[in-house]
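Visitor: structure for this input, please:
(one chain, ligands or ions: 1)
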Amino acid sequence: MTTTEERPTAAGASTGRAFPPGFVWGTATAAYQVEGAAAEDGRTPSIWDTYSHTPGKVSGGDTGDVADDHYHRFREDIAIMKRLGLASYRFSVAWPRITPQVSADSLGPVNEAGLRFYSVLVDELLAAGIEPAVTLYHWDLPQALEDAGGWTSRATAERFAEYAEVVAGALGDRVRTFITLNEPWCSAYLGYASGVHAPGRTEPAAALAAVHHLNLAHGLGAAAVRRAAPTARVALTLNLAWVRTEGTADADHDAVRRVDGLQNRVFLDPVLRGSYPADVLADTAAVSDWSFVHEGDLQLIHQPLDVLGVNYYSPTVVRAWDGSGPRAEADGHGASTHSPWVGSHHLIEFPELPGHRTAMGWSVDARGMTELLLRVHRENPGLELVVTENGAAYEDVVVAGQVHDLERTGYLRDHLAAVLDAVEAGAPVTGYYLWSFLDNFEWGYGFSKRFGIVHVDYATQQRTVKDSALWYAGVVAGNALPAPTA
Ligand code: IFM
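Guide: Reported below is the predicted structural model:
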């Protein structure tokens, strides 16, 4: 392992901009992206195992079979986190490790070996002084549930709640925060409409059913976590979009409304207000009558929420499309002839923005972080917010045991400043999780995109701490952004 052995010093704590005392600094990963050990200790396949093993689905034919081998190397990884001074680690639990025989009708037996892995992980984190934050679902649905309908089926939400209760019951004595779902937008629309994520279906009506059943899974799961771990905090993580247009026509503003509805309000409204936005139901009426919403579902979804996790990477700029001619499709969510924008694909387009882009092709605008946090705060005063993901992929190279990833450091500096702007304007943001701790399996892009602050050589599993990690460690140590250098 190549790492800097000395603990970094506080970067300009006395001269920089300080974060509130107690601000939680962390990094995040997800099970399928880092663990590997795909067939070990009783784990059965998830939809991502099936999808990644289907030729042509993932760049380079990559799979998560081995990934970062975090399943075996988590102690070494925790030691790096500790050296960096990180206060918290957000990881996800792989459902197929916990109840590998789950079916639509029954959760099946609990796999003690699977639970033990996470229990030991939690213990090791706590021993290192690092607080675990547990995501219960980060996209690795057991394949058996997909075979029975996946998120288009109500049974999936019901089984999810039972699974959540098992995990919260086993870890809730040591874990303070459980996040029910990560980015249900991706699970629903990329999984079931555009098909660029597992399970790779391209059925717009199914995507809307998935939206609802994911919302239901959150509500049922939140209640289940509270039953099993009454002192834990329940959170939900959404990839909210900062949507805007540079157009001036009414149709351009309507494009903003449509995208805001499909990406933000269709999740925020049921969870925080107990209703679906009427305009989204109208926009999608030609695709689905939403008859999968049963009486009482909205009350089940509208559970008290302790924390809203906000993931932000890139701005979303839209404009009206008249439905003819070639369309600008730079929405950053993978190439597909099928659109994730159910019911609106024929009315909107995503123009390419000038300026800096990450290796994902995502444009960079840190203002979106401030705007999003302030918007959610304005609309939900009193709701605690945590940035549960933010980060960037760049083409990193290891030279003489070091990775000089200046662009990532610049991205982080600007986005942390934007978080602080929101805090200073009154948004109750209590923590920040950098995506990602390690380079990892970036879904349809396989290992070709590197988001980590720790480089992984996939041939040798050698970890190399990047310069951005050392810079971040300085921020963490000082609880402050360094003063700008001249
Ligand atoms: O890698 C993903 C993560 O799994 C979910 N949020 C976005 C990240 C970068 O694409």
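Visitor: so where's the protein shaky on pLDDT?
Guide: Within the chain, the stretches with pLDDT under 70 are 1-15, 334-335, 485-486.
Visitor: nearest residue to whichever residue of the stretch 1-150 of the chain sits closest to the ligand in space, please, no chain neighbours.
Guide: Closest residue of the stretch 1-150 of the chain to the ligand, CB to the nearest ligand atom: Ala30 (4.9 Å). Yep, even glycine has a C-beta here, placed from its N, CA and C like the rest. The spatial neighbour of Ala30 that comes closest, neighbours along the chain excluded (CB to CB, 6 or more residues apart in numbering), is His138 at 3.8 Å.
Visitor: wait, isn't that neighbour in contact with Ala31?
Guide: Yes: using CB atoms under 8 Å, His138 makes contact with Ala31 at a distance of 6.2 Å.
Visitor: Phe91 is in contact with the residue of the stretch 1-150 of the chain closest to the ligand, correct?
Guide: Yes: the pair Ala30 and Phe91 qualifies as a contact (CB under 8 Å) at a distance of 7.3 Å.
Visitor: hey, what's in contact with both of these two?
Guide: Common contacts of Ala30 and Phe91 (CB atoms under 8 Å, 6 or more residues apart in numbering): Thr135.
Visitor: just to revisit the earlier point, more crowded one of His138 and Ala31?
Guide: Ala31 (29 against 25; other CB atoms under 10 Å).
Visitor: any idea how many residues pack against the closest residue to the more buried one other than its chain neighbours?
Guide: With sequence-adjacent residues excluded and distances taken as CB to CB, 6+ apart, Ala31 is closest to Ala94, at 3.9 Å. For Ala94, the neighbour count with other CB under 10 Å is 27.
Visitor: against Ser46, how distant is Ala94?
Guide: Going from Ala94 to Ser46 by CB to CB, to the nearest Å gives 7 Å.
Visitor: common neighbours of the two, please.
Guide: In contact with both Ala94 and Ser46: 32, 140, using CB under 8 Å, 6+ apart.
Visitor: which helix runs longest in this structure?
Guide: Ranked by number of residues, the top helix in the chain under DSSP state H is helix 204-228.
Visitor: tell me what that one is packed against?
Guide: With contacts taken as 3 or more CB pairs under 8 Å, 6 or more residues apart in numbering; DSSP states H and E, helix 204-228 sits against strand 131-137, helix 154-171, strand 177-182, helix 184-185, helix 191-192, strand 233-238, helix 266-273, helix 297-301.
Visitor: tell me the angle of that helix relative to strand 177-182?
Guide: With axes from the mean of the first three to the mean of the last three CA atoms, to 10 degrees as the basis, helix 204-228 and strand 177-182 are set at 170 degrees to each other.
Visitor: against Asp65, how distant is Gly36?
Guide: 6 Å.
Visitor: so those two - more neighbours on which side?
Guide: The residue with more neighbours, out of Gly36 and Asp65 and counting by other CB under 10 Å, is Gly36; that gives 22 against 14.
Visitor: list the contacts of that one.
Guide: With CB under 8 Å, 6+ apart, Gly36 has these contacts: 64-72.
Visitor: that's a helix at it, yeah?
Guide: No: read with DSSP: H, G, I helix; E, B strand; the rest coil, Gly36 is coil and lies in no helix.
Visitor: give me every residue in the stretch 251-400 of the chain lying close to the ligand.
Guide: 311, 389 (CB under 6 Å from any ligand atom).
Visitor: count of neighbours near the residue in the stretch 251-400 of the chain that the ligand sits nearest to?
Guide: At 5.2 Å from the ligand, Glu389 is the closest residue in the stretch 251-400 of the chain, using CB to the nearest ligand atom. Using other CB under 10 Å, Glu389 has 24 other residues around it.
Visitor: go on, Thr337?
Guide: By other CB under 10 Å, 8 other residues sit near Thr337.
Visitor: doesn't it lie inside a helix?
Guide: No: counting by three-state DSSP, Thr337 is not part of a helix but coil.
Visitor: how much space separates it from His218?
Guide: 30 Å.
Visitor: next: Asp396.
Guide: For Asp396, the distance to His218 - CB to CB - is 35 Å.
Visitor: now do Leu347
Guide: 29 Å.
Visitor: from the chain's centroid, how far away is the helix or strand Val120 falls within?
Guide: Secondary structure from DSSP states H and E places Val120 in helix 112-127. Distance of helix 112-127 from the chain centroid (CA atoms, centre = their mean, to the nearest Å) equals 22 Å.
Visitor: residues contacting the residue lying closest to Asp260 once chain neighbours are set aside?
Guide: Among residues not flanking Asp260 along the chain, Val243 sits closest, at 4.9 Å (CB to CB, 6+ apart). Val243 makes contact with 256, 259-260, 263-264, 316-318, according to CB under 8 Å, 6+ apart.
Visitor: sorry, back to before: Leu347 and His218: which has the busier surroundings?
Guide: The neighbour comparison of Leu347 against His218 (other CB under 10 Å) goes to His218, with 31 against 17.
Visitor: now the more buried one: closest residue in space that isn't a chain neighbour?
Guide: Residue nearest to His218 in three dimensions, not counting chain neighbours: Thr180, with 4.6 Å by CB to CB, 6+ apart.
Visitor: tell me the residues of the stretch 101-250 of the chain that contact the ligand?
Guide: For the stretch 101-250 of the chain, the residues in contact with the ligand (CB under 6 Å from any ligand atom) are Glu183.
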